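> The following block contains a protein sequence and its predicted model.
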Amino acid sequence: DARVTQTPRHKVTEMGQEVTMRCQPILGHNTVFWYRQTMMQGLELLAYFRNRAPLDDSGMPKDRFSAEMPDATLATLKIQPSEPRDSAVYFCASGLNWEETQYFGPGTRLLVL
Amino acid sequence: GNSVTQMEGPVTLSEEAFLTINCTYTATGYPSLFWYVQYPGEGLQLLLKATKADDKGSNKGFEATYRKETTSFHLEKGSVQVSDSAVYFCALSRSSNTGKLIFGQGTTLQVKP
């Protein structure tokens, strides 16, 4: 049963620290998405990759957030420096672009103090 | 632009009651439509989808019909269970062959025994 995995599942850090979240998409999937979920804003798309190339990161604060795919089995989302307003659940999802269905990981719950 | 609007929650029902969660959309072209479900502490999972007008998606007793004339994709279930308690998201595909989705704000369903 193929699944998207995300690490860490929970992260508590202090303001100003760097946070790195990792995602392993389902093997063979060529699209990867990063979402942020908060009570106030709901589900927001931060970045989108196809075949490891970033296609859309317009939803991501550029000054502190960065997203990369070093290889087909790993996607990373970094926040540097982190701020309390970054506290949220961050989801990674993968898929095949022609199928449209996205498969979500369990999320990383981030708390910035 | 493309958008999805869902009825506000929470929706609270007794077990075995009939469920309807309204979803309407605005889109150019002919998007595919989706319902995702998020159980507590988990990521989103695809519940059902429909790819063209008048299609009916169904899964686990849930149904939704793609109504182009009313731009709607309402989710229904004839008899809900406590285990159906979750957040339900309506979504549409932004454009073909990209895999990107636009999500509604989510509707929380609480089913009481």
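Structure received.

> What residues does chain A have near chain B?
A:4, A:31, A:33, A:42-43, A:45, A:48, A:50, A:55-56, A:91, A:93, A:95-107 (CB under 8 Å from any CB of the partner chain). From N, CA and C alone the C-beta is placed, and that goes for glycine too.

> Which residues are in contact with residue B:88?
For residue B:88, the contact set (CB atoms under 8 Å, 6 or more residues apart in numbering or on different chains) comprises B:6, B:21, B:35-38, B:47, B:75, B:106-109.

> Partner strands of the helix or strand bottoming out on mean pLDDT in chain A and their direction?
Lowest mean confidence among the helices and strands of chain A (mean pLDDT, DSSP states H and E): strand A:53-56, at a mean of 87. If you go by DSSP bridges, strand A:53-56 pairs up with strand A:42-50 (antiparallel).

> tell me the mean pLDDT for the partner strand?
The average pLDDT for strand A:42-50 rounds to 90.

> And the helices in chain A, which stretches?
For chain A, applying DSSP state H gives no helices.

> and the gap between the residue positioned nearest the centre of it and residue A:1?
Against the mean C-alpha coordinate of chain A, by CA atoms, centre = their mean, the closest residue is residue A:34 at 3.4 Å. Using CB to CB, to the nearest Å, residue A:34 is found at 23 Å from residue A:1.

> Residue B:73 too?
28 Å.

> Residue A:107 now?
For residue A:107, the distance to residue A:1 - CB to CB - is 18 Å.

> which one of these two has more residues nearby?
Per other CB atoms under 10 Å in any protein chain shown, whichever of residue A:107 and residue A:1 has more neighbours is residue A:107, with 24 against 2.

> neighbours around residue B:52, how many?
Using other CB under 10 Å, residue B:52 is surrounded by 11 other residues.

> Are stretch B:10-26 and chain A in contact anywhere?
No: using CB under 8 Å from any CB, stretch B:10-26 stays clear of chain A, coming no nearer than 12.7 Å.

> Tell me how many other residues crowd the residue found closest to residue A:38 once you drop the neighbours it is linked to in the chain.
Excluding the flanking residues, the one nearest residue A:38 by CB to CB, 6 or more residues apart in numbering or on different chains is residue A:88, at 4.6 Å. By other CB under 10 Å, 20 other residues sit near residue A:88.

> Residue B:32 now?
22.

> what do you get for residue A:54?
Residue A:54 has 15 neighbours, counted by other CB under 10 Å.

> Then residue B:24?
Residues within reach of residue B:24, counting by other CB under 10 Å, total 17.

> Mind listing the residues bridging to it?
Beta-bridge pairing for residue B:24 (DSSP bridges): residue B:5, residue B:72.

> Quick check, the residue in chain A closest to chain B?
Closest to chain B within chain A is residue A:104: 3.3 Å, counting by CB to the nearest CB.

> For that residue, which non-adjacent residue is spatially closest?
Nearest non-adjacent residue to residue A:104 (CB to CB, 6+ apart): residue B:43, at 3.3 Å.
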